[in-house]
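Engineer: Mind looking at a prediction? Sequence and model below.
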Amino acid sequence: MVIDTQHEAGAVLAYDGDCGFCQVAVAGIRKLAAPRTPAVPWQALPNRHTAAHVARLEREVLLLQDGVVHAGGADALIRFVESSPSRRYRVAAAVVGLPGVRILARRVYAVVSRNRHRIRTGAATCSVARS
C-alpha cells in the first residue's frame, strides 16, 4: 500500500463554520491527527474562492485550492487526514480510501451531513437550518 505523504500546497479544507458539529469534528481531527492542510470555515474564505461552490459548501466539506474543488465530503476528509505527519493517521486514511471502504465512508458521511443539526456536540453555536 502506497501512502501519499504530500498534500496539495495551498489547499484548504473548507468546512461550515456555522455548524457546531462541523466545528467539533474538525477540531477533533486537528487534535488527533494534526493535518498539515489547514481547515478554515468557508465563510472566512475569499468570496472569489467560494461563490461558485456555496450549495456544496452548505452540505459538505470541500478541499479547495484557489477556488478549485479537489475533493468533497468523505473524500475531502480522507485527503485532509492524509496530510497528517503521523504515519498512523496516514495509514488510517489510506484504509478508509480503499474502494469498498470509501463507498461506505461516503454513505456514512452523507447520513451524518444530512442530520448534523440533530447531533449534540456541546458547541456554543449551530445555525445550520433544520430541514
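Structural biologist: Alright, I've got the coordinates.
Engineer: Check the gap between Leu45 and Asp16 for me.
Structural biologist: Leu45 sits 12 Å away from Asp16, going by CB to CB, to the nearest Å. The C-beta positions use only the backbone N, C-alpha and C, and glycine is treated the same way.
Engineer: more crowded one of these two?
Structural biologist: Taking Leu45 and Asp16 together and counting by other CB atoms under 10 Å, Asp16 has the greater number of neighbours (23 against 19).
Engineer: So that one sits against Cys22, correct?
Structural biologist: Yes. The pair Asp16 / Cys22 is scored as a contact, 4.7 Å apart, by CB atoms under 8 Å.
Engineer: Common neighbours of the two, please.
Structural biologist: Residues touching both Asp16 and Cys22 (CB atoms under 8 Å, 6 or more residues apart in numbering): Val61.
Engineer: Low-confidence regions, this structure specifically.
Structural biologist: 1-9, 121-131 (pLDDT under 70).
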